[in-house]
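*Asks:* Sequence first, then the predicted structure, then my questions.
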Amino acid sequence: MIRLTDSMSSHCYVLHKVNGTAMLDNINKIVLKNLFPRKKLSAYDAISEAQKIAYAPLIFQAVRTMRDLGILAQLEKAKDNGVTPGGIADALDISLYGVETLLESGLSCGVVEMADDGDSFVLSKVGYFLLHDPMTRINMDYNHYICYLGMYNLDEAIKTQKPAGLRVFGKKWATLYQALPHLPDTIKNSWYAFDHFYSDSAYPDVLPIIFKNQPGTMLDIGANVGKFSILAAQYDQNIQITMVDLHDQLQNAIKNVNDEALDQRIHSLMLDLLDEKSTFPKEMDVYWLSQLLSCFGKDEIISILMRIVDVMGENSTVYILETCWDRQQHESAAYSLINTSLYFTAMASGNSKMYHSKDLIACCETAGLRLINIFDHLGICHTLFECKKNNS
């Protein structure tokens, strides 16, 4: 049977085996819904949607420019009275032609609306959120600074399973993760803002789950800048943590740990996870993988997990935190996650994505892990998979 319980405003699904098989099909039927049902559209509506897709790259840049040049802020300042293109042009010292062109584009996509006088423009509710919603701002910056130029090479990336768009940043890096510490601050900061915005929202929900059995040691695999390791060490004064990442990336993490005076309890280990000969420390209480597996292809995921299984002790637990598009509550969340996969294809690795939960579960089982718990709706959009070594 399957027992469903609530956990800290998230949902925890405890899997029980029936005849030796975890009832994953049943749990998906209970929990998940069809986020993208088939729609019946008229031919007119369908071709209208097609035109929106065809012009989406131009619309994106027009709206971002309106935001960054201050046009959206001028519209908000004018409130319901609206403001004319000339008024905006004078206030911002931008050509009337440029303001008119951008406002008309914004009108076509619902970011601005015409005022009652027929000459002025007002900010729509969509425009308000583009201006003020932190998630929307971070997503837009991320897609502009990290993804936009490289997406021109998406077709090559699809064919070769290599991040062909990464070359727009200059040096021919194998993956974005190798390039990240060396990128210009504007680009690097937009990546970190995107990554941390989502993971940070889940950590307060995750920490009580991980520490419920009072682990003494933790391996933070793919530690990035060390943020979770620091939070975990502050949450539990007895935990000993080892951060694992590439050499250049670890330098930022080590600095951050030292800044928090936690270097006596947080240590570092340089490791290339793609090196199949690399091994992890043995019998750690917790093996922690946060937003890591989405950075790798399925074969690489299985290889990483198998190497973890090889060193797990009797009481070791693997926790995998990911954003699975199929486990979202709303279509907009699934939409954003699915299309973030294109970043992984063109820019990051060439062979990874935001996975469907069934794919991750299958990788875990192939590697020799047994799924114990699934915690959904952590933070903004995360799912936590709790696994043990499968000794059967």
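*Replies:* Cool, got the structure. Predicted model, so just to flag it, every value in this text is computed and none were measured.

*Asks:* In three-state terms, label the closest residue to Lys388 other than its chain neighbours for me.
*Replies:* Once flanking residues are discounted, Lys388 sits nearest to Arg370: 5.1 Å by CB to CB, 6 or more residues apart in numbering. (C-beta placed from N, C-alpha, C; glycine too.) Here Arg370 is recorded as strand under DSSP: H, G, I helix; E, B strand; the rest coil.

*Asks:* For Arg370, list the residues it contacts.
*Replies:* Ala22, Cys387, Lys388, Lys389, Asn390, Ser392 (CB atoms under 8 Å, 6 or more residues apart in numbering).

*Asks:* show me the contacts for Asn256.
*Replies:* Val225, Gly226, Lys227, Ile230.

*Asks:* Weed out the non-buried ones from these.
*Replies:* Val225, Gly226, Lys227, Ile230 (16 or more other CB atoms under 10 Å).

*Asks:* Check whether the second one really touches Ala253, as I assumed.
*Replies:* In this case it means Gly226. Yes. Here Gly226 reaches Ala253: they are 3.3 Å apart, a contact under CB atoms under 8 Å.

*Asks:* What segments of the chain are strands?
*Replies:* Using DSSP state E, the strands of the chain run over 2-7, 10-15, 17-18, 21-22, 112-114, 121-123, 217-221, 240-245, 266-270, 286-290, 317-322, 369-378, 382-389.

*Asks:* any chance of those in CSV, with mean pLDDT too?
*Replies:* Shown next, in CSV, are the strands of the chain (pLDDT from 0 to 100):
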stretch, mean pLDDT
strand 2-7, 35
strand 10-15, 52
strand 17-18, 36
strand 21-22, 38
strand 112-114, 98
strand 121-123, 98
strand 217-221, 99
strand 240-245, 98
strand 266-270, 98
strand 286-290, 98
strand 317-322, 98
strand 369-378, 97
strand 382-389, 98
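
*Asks:* Could you dump the ones you listed into CSV with distance to Ile59 added?
*Replies:* Listed next are the strands of the chain as CSV, based on distance: least, CB to CB, whole Å:
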stretch, distance to Ile59
strand 2-7, 41
strand 10-15, 35
strand 17-18, 50
strand 21-22, 45
strand 112-114, 12
strand 121-123, 16
strand 217-221, 39
strand 240-245, 37
strand 266-270, 44
strand 286-290, 34
strand 317-322, 30
strand 369-378, 31
strand 382-389, 30
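
*Asks:* For Arg64, find the nearest of those.
*Replies:* strand 112-114 (14.1 Å; CB to CB).

*Asks:* That closest one: partners in the sheet, and parallel or antiparallel?
*Replies:* Using DSSP bridges, strand 112-114 pairs in its sheet with strand 121-123 (antiparallel).

*Asks:* residues contacting Lys39?
*Replies:* By CB under 8 Å, 6+ apart, Lys39 has no neighbours at all.

*Asks:* burial measure for the closest residue to Glu76 other than its chain neighbours, as a count.
*Replies:* Excluding the flanking residues, the one nearest Glu76 by CB to CB, 6+ apart is Leu123, at 5.0 Å. A count of nearby residues for Leu123, using other CB atoms under 10 Å, gives 26.

*Asks:* and what of Lys188?
*Replies:* 16.

*Asks:* ok, it - contacts?
*Replies:* By CB under 8 Å, 6+ apart, the contact list for Lys188 reads Leu180, Pro181.

*Asks:* switch the cut-off to 10 Å
*Replies:* Residues near Lys188 by CB atoms under 10 Å, 6 or more residues apart in numbering: Tyr145, Ile146, Ala179, Leu180, Pro181, His182.

*Asks:* Can you tell me which one of the residues you listed sits lowest on pLDDT?
*Replies:* Across these, the smallest pLDDT goes to Pro181, namely 88.

*Asks:* mind checking how far that residue is from His247?
*Replies:* According to CB to CB, to the nearest Å, Pro181 stands 9 Å off from His247.

*Asks:* before we move on, back to that, closest to Gly127 among the buried ones among the contacts of Asn256?
*Replies:* Lys227 (32.4 Å).

*Asks:* If I follow the layout properly, the closest one ends up in contact with Asp200?
*Replies:* Yes. Lys227 lies in contact with Asp200 (CB atoms under 10 Å); the separation is 7.4 Å.

*Asks:* burial of Pro181, as a residue count?
*Replies:* 15.

*Asks:* wait, doesn't Leu292 sit right on Ile304?
*Replies:* Yes. Look at Leu292 against Ile304 with CB under 10 Å: they come within range, at 8.1 Å.

*Asks:* between these two, what contacts are shared?
*Replies:* In contact with both Leu292 and Ile304: Ile221, Gly222, Leu273, using CB under 10 Å, 6+ apart.

*Asks:* Can I get these in TSV including distance to Met243 and neighbour count?
*Replies:* Shown next, in TSV, are those (distance: CB to CB, whole Å; neighbours: other CB atoms under 10 Å):
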residue	distance to Met243	neighbour count
Ile221	9	25
Gly222	9	22
Leu273	13	22
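
*Asks:* wait, which of those is closest to Ala78?
*Replies:* So of the shared contacts of Leu292 and Ile304, ranked by how close each gets to Ala78 (CB to CB), first place is Gly222, at 46.8 Å.

*Asks:* Could you pull up the contacting residues of Val263?
*Replies:* Quick fix: residue 263 is Asp, not Val. Ile254, Val257.

*Asks:* same check, this time on the one 4 residues further on
*Replies:* With contacts defined as CB under 10 Å, 6+ apart, the neighbours of His267 are Ser229, Gln240, Ile241, Thr242, Met243, Val244, Ile254, Val257, Pro281.

*Asks:* Next, find the distance separating the residue nearest to the fourth one when sequence neighbours are not counted from Met347.
*Replies:* Spatially, and ignoring its direct neighbours in sequence, Thr242 is nearest to His267 (4.8 Å; CB to CB, 6+ apart). From His267 over to Met347 the distance is 31 Å, taken as CB to CB.
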